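Novice: got a sequence here, can you model it:
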Amino acid sequence: MYPLVIDAKPQPISVDPANAAVLVVDMQNDFGSKGGMFDRAGIDISGIQRAVGPTARVIAAARDLRMPVVYLKMGYSS
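Specialist: Here you go, the predicted model:
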């Protein structure tokens, strides 16, 4: 598989999809949805909401390339 070049700041990043995975951390309704924990606490969730679309596109592109997508979720047992 060919390396992908991501136009990142401060400099582009080269990624080999055959040796990479996408890691999605704490993309939870409680953090980014109206009525969720952050919203109820008065925390501005607009930045989180703006990240949803681009994150979904990255996940879709990774799946198209058959790259693993790993989801991490913060949680506490009762």
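
Novice: when you work out contacts or count neighbours from here on, use the C-alpha atoms and nothing else.
Specialist: Will do.

Novice: where does the chain have low pLDDT?
Specialist: Scanning the chain for pLDDT under 70 picks out 1.

Novice: quick one: the helices in it?
Specialist: Secondary structure of the chain, counting by DSSP state H: helices at 29-32, 37-40, 46-64.

Novice: out of these, deepest packed?
Specialist: helix 29-32 (a mean of 17; mean count of other C-alpha atoms under 10 Å).

Novice: now what about it, what contacts it?
Specialist: For helix 29-32, the external contacting residues (C-alpha atoms under 8 Å, 6 or more residues apart in numbering) are 36, 37, 38, 39, 45, 46, 48, 49.

Novice: over to stretch 61-74?
Specialist: For stretch 61-74, the surrounding residues in contact (C-alpha under 8 Å, 6+ apart) are 17, 18, 20, 21, 22, 23, 24, 25, 26, 27, 28, 59.

Novice: contacting residues for the first one?
Specialist: Residue 17 makes contact with 1, 2, 3, 4, 62, 65, 67, according to C-alpha under 8 Å, 6+ apart.

Novice: export stretch 31-41 as CSV, just CAs?
Specialist: Coordinates of the C-alpha atoms in stretch 31-41 are reproduced here as CSV (Å, rounded to 0.1, in the frame of the first residue of the first chain):
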residue,chain,number,x,y,z
PHE,A,31,-19.3,14.9,25.8
GLY,A,32,-20.6,16.5,22.6
SER,A,33,-24.4,16.4,22.5
LYS,A,34,-27.0,18.8,23.7
GLY,A,35,-28.2,17.5,27.0
GLY,A,36,-25.0,15.5,27.6
MET,A,37,-22.8,15.8,30.7
PHE,A,38,-20.6,18.6,29.3
ASP,A,39,-23.6,20.6,28.0
ARG,A,40,-25.4,20.3,31.3
ALA,A,41,-22.3,21.5,33.1
